[in-house]
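Trainee: This is a predicted model, with the sequence first.
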Amino acid sequence: QLQFVESGGGSVQPGGSLRLSCVGSENIFDYTTFYTIGWFRQAPGKGQEGVACISTMTGSADYLESVKGRFTASRDNAKNAITLQMNSLKPEDTGIYYCAANCLPPAGGSRGRGTQVTVSS
């Protein structure tokens, strides 16, 4: 069963950058199967929201309006991973970030334990 492991989180100041990684337990770039992989985040005391959604087949991605132009999801075939490059981070980007093989929140059963992102001065 496909499972993901997220990594790359940390603490940064506003305006900083982080690069998250979402590695699959099975080949997510098998040409016979394709997935839509979602990145989600959950801020303290709030529900999960979808941040980005990317097709493993085409690499095309959609984004939450508030992160457009700052976040970029991409494929890393060599590492069997989906990455999320986050630039110009804001305090409101703080939360636990998850990835899963679905795009509508909440993150499904394929998600990992998440990775913490903290943006604070």
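Mentor: Nice, I can see it.
Trainee: Please identify which helix or strand holds N102.
Mentor: Secondary structure assignment for N102, by DSSP states H and E: no helix or strand.
Trainee: Give me the neighbour count for it.
Mentor: Neighbour count of N102, defined by other CB atoms under 10 Å: 19. Where you see a C-beta, it was placed from the backbone N, CA and C, and this is true even at glycine.
Trainee: next one: G24
Mentor: The number of residues packed around G24, counting by other CB under 10 Å, is 22.
Trainee: quick one: contacts for it?
Mentor: Going by CB atoms under 8 Å, 6 or more residues apart in numbering, G24 touches L2, Q3, F4, N80, A81.
Trainee: Distance check, the third one against S17.
Mentor: Okay, so that is F4. Distance check for F4 against S17: by CB to CB, to the nearest Å, it reads 22 Å.
Trainee: Which of those two has more residues huddled nearby?
Mentor: Here F4 and S17 are compared on neighbour count by other CB under 10 Å; more neighbours surround F4, at 24 against 11.
Trainee: May I have the phi/psi pair for the more buried one?
Mentor: Taking degrees, to the nearest 10, you get phi -120, psi 150 for the backbone angles of F4.
Trainee: likewise C99?
Mentor: phi -130, psi 150.
Trainee: Make sure it is actually in contact with I82.
Mentor: Yes - under the criterion of CB atoms under 8 Å, C99 is in contact with I82, at a separation of 6.3 Å.
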